[in-house]
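>>> structure of the sequence below:
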Amino acid sequence: MKWLFMVTKVKDLTVEELRSIVSDTVRETVEELAEDILALSSDEYLLSIEEARRDYKEGRTKYLEEISEA
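From the prediction side, this is the model:
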């Protein structure tokens, strides 16, 4: 149904198509929010973010191509 966003104007949608788009968008947003809340309530996850930021700041990073070559 996401393809409708690219080629269809809202005025051209049926009520059911619009309802489906809104429902899917709300469901996806709620799922993402729940995942964020769960992740942010994890001390291990928060520590991994801090570590990743330190690594980035100190230049300890690799390009995706370097990793995929291994």
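
>>> would you mark the buried spots in the strand or helix carrying Arg27?
Assessed by DSSP states H and E, Arg27 sits inside helix 15-40. Neighbour-count burial for helix 15-40 flags Ile21 (criterion: 16 or more other Cβ atoms under 10 Å). Using the backbone N, CA and C atoms, a C-beta is placed for each residue, glycine as well.

>>> what average pLDDT does it get?
Helix 15-40 shows an average pLDDT of 94 in the prediction.

>>> report all helices and strands that it contacts.
Under the contact definition 3 or more Cβ pairs under 8 Å, 6 or more residues apart in numbering; DSSP states H and E, helix 15-40 sits against helix 4-7.

>>> what residues does the next helix or strand after the helix holding Arg27 touch?
Tracing the chain C-terminally past helix 15-40 and defining elements by DSSP H and E, one meets helix 43-57 next. Helix 43-57 is contacted from outside by 39-40, 61, using Cβ atoms under 8 Å, 6 or more residues apart in numbering.

>>> which of those residues sits closest to Glu32?
Ala39 (10.4 Å; Cβ to Cβ).

>>> quick one, what contacts that closest one?
Residues near Ala39 by Cβ under 8 Å, 6+ apart: Tyr45.

>>> ok, it to Val22 distance?
According to Cβ to Cβ, to the nearest Å, Ala39 stands 26 Å off from Val22.

>>> one more: Leu46?
From Leu46 to Val22 the distance is 33 Å (Cβ to Cβ).
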